[in-house]
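Trainee: generate a structure from the sequence data that follows.
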Amino acid sequence: MVLPETEKALIKKKFEVLVNDVELIVFTQELECNFCKEARELVLELGSLSPRIRTKIYDFVKNGDEDLKYNIKKIPAIAIVGKSDHGIRFYGVPSGYEINVLIEDILDVSRETTSLPENIKRLLSEIKKPVHFQVFVSPTCPYCPKAAKIAHQFAIENEKIRSDVIEMLEFPQLVQRYGVMSVPHIVINEDTSFAGAQPAEIFVEQIHLALSRGFNPMYS
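Mentor: All right, here's what the predicted structure looks like:
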């Protein structure tokens, strides 16, 4: 996936404010999966735009230990890691509207904080059990970036939360499994779901609903 020169120039300007180093880690395989090539090329391009960004490429088959370390179970996958691993993942190629989410994630991970309101951060600090977000999106959905960004921001603010953003067109088996009819579609801990670009307060409410059901997402 090759970014237009004008877009690369804008992204490079944004990356000038990166505070700490960020790793972009791509999981692919030698016999390319669908979209693996595009995901790898995108990450390498972004890595060329700032000395603060380091890129790593792992083979899903050959580097099995790394798959386990980062809890990667499907490809293509992109992990965004700063001083610590907040569990922020993209599955599929962040294209269309989603490229902006990836850029903002890099900035937030570099700062180790987010722009979430203080009242939301306080509510998140009270969550003490594991939470797993899966946010299904599509490149042409203008409402998906809001949901994707909130889920990833939650992961940065609370180490108990990990958040996957999944390109629905690239993972039809998961779309079928979770009954995704439209996007954004958000699944929490496998058994709680809601749809739409809801405000952060609704995300918090849905977390508590999911936790009340007792499912442990640690290994999901």
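Trainee: quick check: Glu66 touching Ile75?
Mentor: No - the criterion here is CB atoms under 8 Å, and Glu66 misses it with Ile75 at 11.9 Å. The C-beta positions use only the backbone N, C-alpha and C, and glycine is treated the same way.
Trainee: joint contacts of the two?
Mentor: Taking CB atoms under 8 Å, 6 or more residues apart in numbering as the criterion, Glu66 and Ile75 both touch Phe27.
Trainee: pick out the residue closest to the middle of the chain.
Mentor: Arg89 (3.5 Å; CA atoms, centre = their mean).
Trainee: skipping adjacent residues, who's closest to that residue in space?
Mentor: Asp164 (4.7 Å; CB to CB, 6 or more residues apart in numbering).
Trainee: can you list contacts of the helix or strand containing the one you found?
Mentor: Assigned by DSSP states H and E, Asp164 falls within strand 161-167. Strand 161-167 has contacts (CB under 8 Å, 6+ apart) with 35, 71, 86-95, 98, 101, 124, 127, 130-139, 148, 151-152, 154-155, 174, 207.
Trainee: just stretch 140-157 next, same as before
Mentor: 86-88, 96-98, 100-101, 104-105, 108-109, 112-116, 121, 124-125, 131, 133, 135, 137-138, 161-163, 165, 183-184, 186, 196-198, 200, 203.
Trainee: what's the PyMOL syntax to select whichever of those residues are buried?
Mentor: Burial among these is assessed by 16 or more other CB atoms under 10 Å; the matching PyMOL selection reads:
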select buried, resi 86+87+88+96+97+98+101+104+105+108+109+114+116+121+124+131+133+135+137+138+161+162+163+165+183+184+186+197+198+200+203
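Trainee: distance of Lys68 from Arg177?
Mentor: Just to correct that, residue 68 is Leu rather than Lys. Shown here: Leu68 relative to Arg177, a distance of 22 Å by CB to CB, to the nearest Å.
Trainee: does Lys128 really touch Ile207, like I thought?
Mentor: No - look at Lys128 against Ile207 with CB under 8 Å: they stay out of range, at 11.4 Å.
Trainee: okay, the two: which has more neighbours?
Mentor: Per other CB atoms under 10 Å, whichever of Lys128 and Ile207 has more neighbours is Ile207, with 23 against 8.
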